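[1] The sequence and its predicted three-dimensional model are supplied below.
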Amino acid sequence: MNGEKGLNGTAAAAPCGTTGRRPRTGRGRRRRPALRAALALALLPVLLPGLSPPTASAAPSADQPSAAVSPNEAGVGGSITVNGQGWRPHTLLTLLICGQNMIGGTNSCANGDGRTATTDDHGAFRAPLPVAEPPKPCPCVVHVATVTGQAATADAAFKVAGHPVAPLPQDVSAGRLAVLAQPRLTGSSGLLTWFGAPPQRELTVTLGNLGSAPAKDPAFKVGTSHGVFAPKWENQQWHGTVPAGRKAEVKLPVELAAGAHGDYLISLKYGDRLLVEQPWEVGRPWGMTLFWLLLCVVVPTLLFRGGMAVVNRLRPARRPTSAPPGGPTDLPDGTTALPWFAPDTTPWPRGRGAE
């Protein structure tokens, strides 16, 4: 400061190259590396397209339905515990013990000894399952599947103690077909269907060939069931080829019986494996109802009119009266003319001669 003096009594001189202000610190210089680092992190996804932002890579994926059993081996008559997670909350599930890894569908499962379970609020469940012998040899699995709603399944390896074990059957078909999209029924009902003609639709399914060989002219089984009755199967062959590793849209005709109405279920099998089940709500043929209603009204009316015409022809002719037109008739006083078919019950007055 001005006026201050050094130890030798002279005024302290300002350092060379300064004007008496406070010297600069290194804070501004320290900010530049931080700004450069932030700019580099912001431009990193643009400079390196192959890398994704840390937040996107760290996002967890949706849970997949899973199942596990404890213990992994038990004999017939015992019981195991099946645990699962990743399912939809409050969903009804079926638990089955199946042989041959369930490659033949539910025909390989002990359906009579299955159990059901319901998931909790978090999509998890825990349920006991009695051990039963499946109709097919092991390797076996515990198959868990949803009952209603969107289809979801999961299998857990399990060994039935004492049950025979056999190699898995080889896929002798030309290809392994699997459903890739939700099936649908296309088409509509016409005027004849409204009067009781057989309802017809076309089952459209997108199938993919998971095998190493093409599937040429595959043969399917189309089943139709109503209510609790078993489906009626019909063999149908699709003319075409599904190359290996490719997909194709398969269309198969479906026809019900004449006058069918209500809730039906259309099933599709490839070999012994069930591919899809598609519900079909068939409307009532109201034209037939209207026809029978008119028949019940028109036929009695025609019969009545025909009967009256016959009666009119068979009745006797009227006898002419002797009275002039507009004059009095020859009927006694107090009497009335009766129809020809009515009995004569009118009391006639006594004449003078009868007295």
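    Thanks, I have it. Numbering: from 1, shown residues only.

[2] Give me the helices and strands touching the helix ranked longest in the chain, please.
    Criterion DSSP state H: the longest helix present in the chain is helix 286-314. In this structure, helix 286-314 makes packing contacts with helix 191-194, judged by 3 or more Cβ pairs under 8 Å, 6 or more residues apart in numbering; DSSP states H and E. Just so you know, the C-beta spots here come from the backbone N, C-alpha and C atoms, and that holds for glycine as well.

[3] Send me the helix it packs on as CSV with only the CA atoms.
    Coordinates of the C-alpha atoms in helix 191-194 are reproduced here as CSV (Å, rounded to 0.1, in the frame of the first residue of the first chain):
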residue,chain,number,x,y,z
LEU,A,191,-76.8,-64.5,-46.7
LEU,A,192,-77.0,-68.3,-47.0
THR,A,193,-75.2,-68.7,-43.7
TRP,A,194,-77.8,-66.5,-42.1
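
[4] what helices or strands is it leaning on?
    Against helix 191-194 (3+ Cβ pairs under 8 Å, 6+ apart) you get helix 286-314.

[5] Please identify the buried residues of the helix it packs on?
    Met288 (16 or more other Cβ atoms under 10 Å).

[6] got it, and stretch 203-210?
    With burial defined by 16+ other Cβ under 10 Å, the residues of stretch 203-210 counted as buried are Leu203, Thr204, Val205, Leu207, Gly208, Asn209.

[7] could the residues you listed go into TSV alongside pLDDT?
    TSV is the format used below for the buried residues of stretch 203-210 (pLDDT from 0 to 100):
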residue	pLDDT
Leu203	93
Thr204	93
Val205	92
Leu207	90
Gly208	88
Asn209	86
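
[8] Closest one of these to Ser108?
    Nearest to Ser108 out of the buried residues of stretch 203-210 is Leu207 (Cβ to Cβ; 21.6 Å).

[9] Spatially nearest residue to that closest one (excluding sequence neighbours)?
    Excluding the flanking residues, the one nearest Leu207 by Cβ to Cβ, 6 or more residues apart in numbering is Leu177, at 4.7 Å.

[10] Surely that neighbour is in contact with Ala215?
    Yes - at 5.9 Å, Leu177 and Ala215 qualify as touching, with contact defined as Cβ atoms under 8 Å.

[11] so what sits against both of the two?
    Contact criterion Cβ atoms under 8 Å, 6 or more residues apart in numbering; residues shared by Leu177 and Ala215: Asn209, Val242.

[12] Please confirm that Ala154 is located within a helix.
    No - note on Ala154: no helix contains this position according to DSSP: H, G, I helix; E, B strand; the rest coil, which reports strand.

[13] hang on, isn't it packed against Val142?
    No - contact between Ala154 and Val142 fails when scored by Cβ under 8 Å: they sit 9.0 Å apart.

[14] higher neighbour count, the two?
    Legend: neighbour count by other Cβ atoms under 10 Å for Ala154 and Val142, higher for Val142 (24 against 20).

[15] For that one, which residues count as its bridge partners?
    Ile97, Ala156 (DSSP bridges).

[16] Please list all residues in contact with it.
    Applying Cβ under 8 Å, 6+ apart, the residues near Val142 are Ala67, Val69, Ile80, Val82, Leu95, Leu96, Ile97, Cys98, Leu129, Asp155, Ala156, Phe158.
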